[in-house]
Structure formats: C-alpha cells, structure tokens
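Asks: Give the three-dimensional model of this entry:
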Amino acid sequence: MAGQFRYVTPVEPRAATGRVARVYAQLAEDFRMARMPVFLTLSPAPEVLAATWAMLRESLLAGDESRTAREVVALGVSMANRCPFCVAAHTTLLHATGDHRLAETIAAGGTPDDPRHAELLAWAGSRRRAPETGPQIVGTALTFHFINRIASALLTENLLPANLQKSRLVRSVGGRAMSRAVRTRLLSGASLPLVADLPALPEPAWGAGTSVGAAYAALRAVAGTGGELLGESARAAVTDAVAAWDGEHPPMGGAWLDGPLADVPAGERPGARLALLVALAPYRVTDADVAAWRGSRTDEDLVRLCAFGAASAMERMETFITASALTGDRS
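Replies: Numbering: from 1, shown residues only. Below you'll find the model as predicted:
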C-alpha cells in the first residue's frame, strides 16, 4: 500500500487521533474498509480529510437515491477526468451493486441499456447542466471532480498491487466482497458533526437545506483556505485562469501555463503552477513540480494546496452543471 502514495506520508489508522481518528472510524463503519488510499493521503490535513469525507458520504453513500445511479455518475466523471485510480475503484463498486454487466459495459466504453443510466453517464462525462435530478446526483458529480484531482496528483494509478484492478475477474470478485456495504442504506447527515466546527460558505441553491449542501459548503470553505499558502498574485492568477477555463483538457506540453503565470513573480510561480496543474491537468503533476514549490513545507501544506486547486476546478464545474433549478430528493 505504501507504493500508492506519491508525496505524503499518511496517518495510519492505528496512530490516528482527534478528527482523523473520528473520520477513520466512520469510514470503516460506513464503507467497511479500514484503509482507503484517497482518505489516507488527505490525513495530514485533518480539516480537508473531514470535509472531503462528509461530501462523499452525504452525496454517494447516504440517502434514498439509487446507489447504482450514483456509481454510474462517479465512474463517468472519473473517466472524463482521466483518473485511472478512481475508474478502477468505481467499476469495482458498480460490481458491488450487483449489476456486473453495467460495470463492464461502461468500463469497455459502451452505453448502458437502462435509459436513465445512459443519460447520467453521458451527462457525467460532459459539461452540460444536470438532468432533472436531486442533490445527491449533483453532489456525487462534484465530489468526484474534487476527488479525481486529489487522486491523480497524490496517488499512483495502482488501486491494487501489480495493477490487478485491470482484471475483470478481480473487479467482479472485489465487488462481491463489498456488496453488503454498498447495499446498506445509510441515514443522511451522520458525517456533519465531523465538520460542524469548521468554516462553511453558504449552501448552494441546488442543495440548500440538505446534508449534501451542508457538506459542500464546508468543503468549499476548508479547501479554499489552501489558497492562503500562495502569494496574492499567484492566488489571483490561479483563480482567474480557472474562472476562464472551458472545461476541456489543456493542450499537451506546458505552454498553456505560460499565459496565466506571466505576471506572477518568479518566487510565487511554482506554487501557482502546482495549484493550476491540480485544477486543470492533475495527471500531469510531476516530482519536479512538487519539489519546486515544496521546499521545507509540510505534508499538510501540500494537501491543502492541492485541495485549493481541486476545489477551484470543482466550483468551475458547478457553474456548468447546475445552470438550472433541480428537483428530486432533498435528503
């Protein structure tokens, strides 16, 4: 498992205390897994960890919306964002819902037979406004626009040793092992006490009054504080570049970074470059990019900066996919 982590040393469950220990305990109870690499890699920054877990739990795991539909969205977003780690994880979790054909159809690039699943998959891979649906579906999409970027920047592609997740048999067997946890209905709101003392922005209109909306408000506020690690010019450059982003993958090479960073002082440029890469092309973050900014900065600093970049992109995607009022489950 240690080989999965690129730049941070996670807090192991047996050594966890305080907020990290409380998140790990709830994660183990609700997901039935003691070690989940995405959350382990966030553990040096307890507030980011808690807010990310709350967002994932309240959107993907809890409430009355179909878990299969939400896994279709998580997988579709992960494929669009070119996150092999998350694609493998959510193909396996689709197997865990019991719909093995659906899991492998999507993994092979096919179209689901079920019209709603086909609609959700097409939407998840686009920048179109959401179909008529509830906040759990929208929240799931936004959750993975954030998590995909963290995973691509801070984890390797290997969900399992020797890339065993590429085997259809392994995915199917893994899904069966997780089926009980995936099919257990969880009550909404149980994660919110973990973030109750953290800063929060106003709840979004699409999720106002729901546990998903409250979790999203906390994640935006907590992740946004990572921008404080940048100088004013660097932070403005990242914010402006993401606000102007059309949602497409940037051109190959690094020339696309030159314009946004042109007026950033040389000393601030490595941090701005790293945050912008995490936002728009996290799978292109290199050892050199991290080393150029990091210096004596801690694992917590790195997680917080990456969270700032990831949340910036998540918020930009929100403007594309929530352009109209939504209806549906308000839990």
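Asks: Any idea which helix or strand in the protein has the lowest mean pLDDT?
Replies: In the chain, no helix or strand scores lower on mean pLDDT, DSSP states H and E than helix 168-177, which sits at a mean of 56.
Asks: State the mean pLDDT of stretch 144-153.
Replies: For stretch 144-153, mean pLDDT is 97.
Asks: what about the helices in the stretch 51-200 of the chain?
Replies: Assigned by DSSP state H, counting those that start in this stretch, the stretch 51-200 of the chain shows helices spanning 67-80, 84-96, 100-107, 115-124, 135-154, 168-177, 179-183.
Asks: The ones you listed: which one's closest to residue 47?
Replies: Across those, residue 47 has its closest neighbour in helix 135-154 (14.2 Å, C-beta to C-beta). Yep, even glycine has a C-beta here, placed from its N, CA and C like the rest.
Asks: Would you mind getting the angle between the closest one and helix 115-124?
Replies: Orientation check (axes from the mean of the first three to the mean of the last three C-alpha atoms, to 10 degrees): helix 135-154 against helix 115-124 gives 50 degrees.
Asks: Could you list the low-pLDDT ranges of the chain?
Replies: 1-2, 158-181, 324-331 (pLDDT under 70).
Asks: how about a cut-off of 80?
Replies: 1-3, 32-35, 130-133, 157-184, 323-331 (pLDDT under 80).
Asks: Identify, by residue count, the longest helix of it.
Replies: Among the segments of the chain that qualify as a helix by DSSP state H, the longest is helix 299-321.
Asks: Now tell me what touches stretch 184-201 from outside.
Replies: By C-beta atoms under 8 Å, 6 or more residues apart in numbering, the list of residues contacting stretch 184-201 from outside reads 19, 22-23, 26, 30, 47, 50-51, 53-54, 57-58, 61-64, 210-212, 214-215, 217-218, 220-222, 224-225, 331.
Asks: and if you look at stretch 290-308?
Replies: Stretch 290-308 is contacted from outside by 7-9, 41-42, 44-45, 48, 52, 146, 149-150, 153-154, 222-227, 229-230, 238, 270-271, 273-275, 278, using C-beta under 8 Å, 6+ apart.
Asks: Sort out for me which of those are in helices.
Replies: Judged by DSSP H, helices contain the following of the contacts of stretch 290-308: 41-42, 48, 52, 146, 149-150, 153-154, 222-224, 238, 270-271, 273-275, 278.
Asks: for the residue lying closest to residue 207 once chain neighbours are set aside, helix, strand, or coil?
Replies: Closest residue to residue 207 apart from its sequence neighbours, by C-beta to C-beta, 6 or more residues apart in numbering: residue 213 at 2.9 Å. Per DSSP: H, G, I helix; E, B strand; the rest coil, the local secondary structure of residue 213 is helix.
Asks: Quick check: residue 213 vs residue 222, distance?
Replies: Plainly put, residue 213 is 15 Å away from residue 222 if you go by C-beta to C-beta, to the nearest Å.
Asks: Please identify which of these two sits among more neighbours.
Replies: Shown here are residue 213 and residue 222; by other C-beta atoms under 10 Å, residue 222 has more neighbours (27 against 22).
Asks: What is the burial count for residue 208?
Replies: 14.
Asks: Show me what counts as buried in stretch 243-252.
Replies: Residues residue 245 are the ones in stretch 243-252 that count as buried (16 or more other C-beta atoms under 10 Å).
Asks: Please state the offset of stretch 130-143 from the chain centre?
Replies: Between the mean C-alpha location of stretch 130-143 and the chain-wide mean there is a distance of 14 Å, by C-alpha atoms, centre = their mean, to the nearest Å.
Asks: For that stretch, give me every contacting residue.
Replies: 55-56, 58-60, 62-63, 65, 69-70, 73-74, 77, 119-120, 123-124, 206-207, 210, 212-213, 215-216, 314, 317-318, 321-322, 324, 326-331.
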